[in-house]
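Participant: With the sequence up front, the predicted model follows.
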Amino acid sequence: MLSFLLGSNSLRSKVRSSGSLSSCRFLSQQSGTSAVKDVRELELPPFDYVPRLYKGPSADEILQKRKKFLGPSLFYYYQKPLNIVEGKMQYLFDENGRRYLDAFAGIVTVSCGHCHPDIVQAIRTQNELLQHATTIYLHHAIGDFAEALASKMPGNLKVVYFVNSGSEANELATLMARLYSGNHDMISLRNAYHGGSAGTMGLTALSSWKYNISQGGVHHVLNPNTYRGVFGSDGEQYAKDVKDHIDFGSSGRVAGFIAETIQGVGGAVELAPGYLPAVYKYIRNAGGVCIADEVQTGFGRTGSHYWGFETQGVIPDIVTMAKGIGNGLPLGAVVTTPEIASVLAERIQFNTFGGNPVCSAGGLAVLKVLDKEKRQEHCAAVGSYLLDRLRALQEKHEVIGDVRGRGLMIGVELVTDRKLKTPAKAETSILFEKLKDLGVLIGKGGYESNVFRVKPPMCFTKEDADFLVDAMDYAMSGL
């Protein structure tokens with residue numbers, strides 16, 4: 001019992017010597033304190049799986065090699081970074097075989113579950129036949145995958161381009177918008193994240209993710225944030241800022257508009273109701289196209305709909321996707337109409353690894369698993385349950401300022417003052433470490449990094465939700 005609390009050698013030794021796990025006590029890791037708190041009986045849900053014995057290098061050895069040979073811009077979670085060596089469905093295992101609940105899914109990437117057997121088998125089978133050939137030759141995998149993906153799209157969104165990441169997808173979508181419209185200016189939201197490439201960095205509107213390079217031709221409009229925004233939940237009022245930028249910040253003609261339906265890196269911020277219908281009207285009247293960034297919200301994660309943009313009742317002209325499309329494979333896609341797609345035929349447009357046979361086989365397997373296991377419906381049910389539990393927790397702990405999201409795309413914003421909505425940066429960092437010690441791996445987001453991002457693999461259960469909320473409750477009770 002309580003083996004998830006044994007995050008240090010000293011604690012493991014204490015339990016071994018006491019001979020009783022039920023009497024284990026959690027030692028506060030806060031600097032300068034020797035306080036001891038009684039631990040309530042929290043336990044990860046049962047899981048019938050035994051990880052393999054790990055015989056590789058230690059976390060310290062890996063960290064030293066990483067510091068020596070990899071770029072200094074790489075960052076890692078936790079004061080003492082975890083060496084994750086194995087994953088199975090919604091759980092991860094470290095070098096010591098300790099199990100963690102993965103509530104962040106490899107940054108919202110593992111959709112079906114870590115090492116899902118159907119996906120592993122599809123990848124293995126294709127890998128043994130043909131790993132790579134490019135689209136200069138015919139191969140059924142890319143066509144099969146494109147057909148299946150197009151069948152999930154509304155309207156005339158029927159032409160698919162495969163790429164390797166969300167940044168690439170948004171880069172290609174922006175190129176399409178500018179070529180098709182004949183205009184240059186793009187509009188995106190403040191607090192948005194659309195990639196880290198030189199082109200998509202301009203669309204991104206979080207200074208911590210932007211280098212000081214030329215990023216012209218992009219207008220960043222008011223973020224329709226129902227918790228912090230100036231117009232509350234009035235989507236049409238926020239949309240008027242888009243109209244103002246078109247009228248007073250551009251020539252009156254724009255290439256396009258791009259938005260996440262629920263902002264990911266920005267802290268799980270869902271767009272105010274009615275926002276996209278009003279914005280799409282303004283953009284199309286100005287000659288532009290409308291792009292939906294579904295890199296994180298797609299494939300049923302929101303529960304209520306297969307695509308995030310459907311929650312706003314709109315059909316975009318271009319849809320970008322990545323992350324969950326491959327369950328961890330380096331895979332992305334852009335889906336658009338035949339008319340818009342035709343502009344790329346004016347020159348040679350080619351992607352060496354786009355539609356790679358192995359990635360295509362894996363991607364098709366993802367779509368089949370999501371359908372077979374009814375993951376959209378599952379996200380709706382479990383997500384609703386989790387949101388209810390988190391909102392009940394909000395009533396208990398003043399540090400929770402807002403609970404928001406849909407399905408398994410949830411944000412918990414922490415504040416030191418609910419009236420002033422002052423970001424609880426220090427408290428978030430403390431809780432982040434405590435949750436890891438309790439066996440929960442979670443994400444952080446928002447400009448001030450004060451939002452917990454709860455976006456687990458879509459096989460996450462109600463029992464997992466209970467453990468997550470109970471762990472949060474325990475950790476917050478010790479603040």
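Facilitator: That came through fine. Numbers count the residues shown, from 1 in each chain.
Participant: Now do the buried residues in stretch 437-452.
Facilitator: Buried positions in stretch 437-452, judged by neighbour count with 16 or more other CB atoms under 10 Å: 437-448, 450-452. In short, each C-beta sits where N, CA and C put it, glycine included.
Participant: how far does that stretch sit from the chain's center?
Facilitator: Distance of stretch 437-452 from the chain centroid (CA atoms, centre = their mean, to the nearest Å) equals 12 Å.
Participant: first to last residue in that stretch, what's the distance?
Facilitator: Distance across stretch 437-452, first residue to last, is 16 Å (CA to CA, to the nearest Å).
Participant: ok, now stretch 55-75?
Facilitator: 25 Å.
Participant: Contacts made by that stretch with the rest, please.
Facilitator: 76, 80-83, 85, 94-95 (CB atoms under 8 Å, 6 or more residues apart in numbering).
Participant: give me that answer again for 10 Å
Facilitator: 76, 80-85, 94-96, 196, 211 (CB atoms under 10 Å, 6 or more residues apart in numbering).
Participant: Buried only: go through those for me.
Facilitator: Applying 16+ other CB under 10 Å to the contacts of stretch 55-75, the neighbour count classes 82-85, 94-95 as buried.
Participant: Quick one: those residues as TSV, columns for pLDDT too.
Facilitator: Shown next, in TSV, are the buried ones among the contacts of stretch 55-75 (pLDDT from 0 to 100):
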residue	pLDDT
Leu82	98
Asn83	98
Ile84	98
Val85	98
Asp94	98
Glu95	98
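Participant: Tell me which two in those residues are the farthest apart.
Facilitator: Leu82 and Val85 (9.5 Å; CB to CB).
Participant: Give the residues shared as contacts by the two.
Facilitator: 59, 92-95.
Participant: got these as TSV, with distance to Tyr385 and secondary structure columns?
Facilitator: Listed next are those as TSV, based on distance: CB to CB, whole Å; DSSP: H, G, I helix; E, B strand; the rest coil:
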residue	distance to Tyr385	secondary structure
Ala59	34	helix
Leu92	22	strand
Phe93	26	strand
Asp94	28	strand
Glu95	33	coil
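Participant: Any buried residues in the lengthiest helix in the chain, and which?
Facilitator: Of all segments of type helix in the chain, defined using DSSP state H, the longest is helix 375-396. Residues 375-376, 378-380, 382-383, 386-387, 389-390, 393-394 are the ones in helix 375-396 that count as buried (16+ other CB under 10 Å).
Participant: elements contacting that helix?
Facilitator: Contact analysis of helix 375-396 by 3 or more CB pairs under 10 Å, 6 or more residues apart in numbering; DSSP states H and E lists helix 357-372, strand 400-406, strand 409-417, strand 451-454, helix 462-477 as its packing neighbours.
Participant: want to throw the buried ones among the contacts of stretch 55-75 into JSON lines with distance to Asp470?
Facilitator: JSON lines is the format used below for the buried ones among the contacts of stretch 55-75 (distance: CB to CB, whole Å):
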{"residue": "Leu82", "distance to Asp470": "21"}
{"residue": "Asn83", "distance to Asp470": "26"}
{"residue": "Ile84", "distance to Asp470": "23"}
{"residue": "Val85", "distance to Asp470": "26"}
{"residue": "Asp94", "distance to Asp470": "21"}
{"residue": "Glu95", "distance to Asp470": "26"}
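Participant: from those residues, which single one is nearest Gly354?
Facilitator: Nearest member of those to Gly354, counting by CB to CB, is Ile84, at 28.5 Å.
Participant: Any chance of the backbone angles for the closest one?
Facilitator: phi -90, psi 120 (degrees, to the nearest 10).
Participant: what sits against the residue nearest the centre of the chain?
Facilitator: By CA atoms, centre = their mean, the chain has its centre lying nearest to Val108, at 3.2 Å. Val108 makes contacts with 264-265, 268, 295-297, 301, 322-324, 408-409, 443, 453, 455-457, as judged by CB under 10 Å, 6+ apart.
Participant: Likewise for Phe47?
Facilitator: Contacts of Phe47 (CB under 10 Å, 6+ apart): 88-91, 99, 101, 463-464.
Participant: With Ser251 as the reference, measure out to the spatially closest residue to Gly274 that is not a sequence neighbour.
Facilitator: Leaving aside its chain neighbours, Gly274 sits nearest to Gly235 (3.5 Å; criterion: CB to CB, 6 or more residues apart in numbering). Distance, Gly235 to Ser251, by CB to CB, to the nearest Å: 26 Å.
Participant: One more: Ile123?
Facilitator: Counting by CB to CB - Ile123 and Ser251 are separated by 48 Å.
Participant: more neighbours, these two?
Facilitator: Ile123 (20 against 11; other CB atoms under 10 Å).
Participant: That'll do, ta.
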